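*Asks:* This is a predicted model, with the sequence first.
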Amino acid sequence: MENPHVVRVIAAAESVSGDRAKAVEWLSQPLDTFGGKTPLQLTAEGRLDAVISYLHSIASGFVG
């Protein structure tokens, strides 16, 4: 069974990148903004909102 939080992050990342494969790959990329933690690690720690906010910032051109 898929984790609904991970599914939500993938959907948000896909909306930013326009590519599902890139979105899934991004989940394992360390993010400097979060001390080198990956989006998957952050989601597992209960920081889903932080990951989604980060993606919204990228989409708006504020970070990335």
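*Replies:* Received, thanks. Numbers count the residues shown, from 1 in each chain.

*Asks:* Doesn't Asp49 belong to a helix?
*Replies:* Yes: under DSSP: H, G, I helix; E, B strand; the rest coil, Asp49 falls within a helix.

*Asks:* residues in contact with the closest residue in space to Leu31 that isn't next to it in sequence?
*Replies:* Ranked by CB to CB, 6 or more residues apart in numbering and with sequence neighbours excluded, the top spatial neighbour of Leu31 is Lys37, at 6.4 Å. Using the backbone N, CA and C atoms, a C-beta is placed for each residue, glycine as well. By CB atoms under 8 Å, 6 or more residues apart in numbering, the contact list for Lys37 reads 30-31, 45.

*Asks:* Could you report the neighbour count for Ala13?
*Replies:* When counting by other CB atoms under 10 Å, one arrives at 24 neighbours for Ala13.

*Asks:* And Val16, by the same measure?
*Replies:* Val16, neighbours per other CB under 10 Å, totals 18.

*Asks:* check which helix or strand covers it.
*Replies:* Per DSSP states H and E: Val16 is located in helix 4-17.

*Asks:* Can you name every helix or strand that that helix contacts?
*Replies:* Counting contacts by 3 or more CB pairs under 8 Å, 6 or more residues apart in numbering; DSSP states H and E, helix 4-17 packs against helix 20-26, helix 39-44, helix 48-60.

*Asks:* In a markdown table: those helices, plus mean neighbour count.
*Replies:* Below are these laid out as a markdown table (neighbours: other CB atoms under 10 Å):
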| stretch | mean neighbour count |
| --- | --- |
| helix 20-26 | 14 |
| helix 39-44 | 19 |
| helix 48-60 | 17 |
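
*Asks:* Select, out of those, the one closest to Ile10.
*Replies:* For Ile10, the closest of those is helix 20-26, at 5.3 Å, according to CB to CB.

*Asks:* Distance of the residue nearest to Leu31 relative to Pro30?
*Replies:* 7 Å (CB to CB, to the nearest Å).

*Asks:* Fine, thanks again, bye for now.
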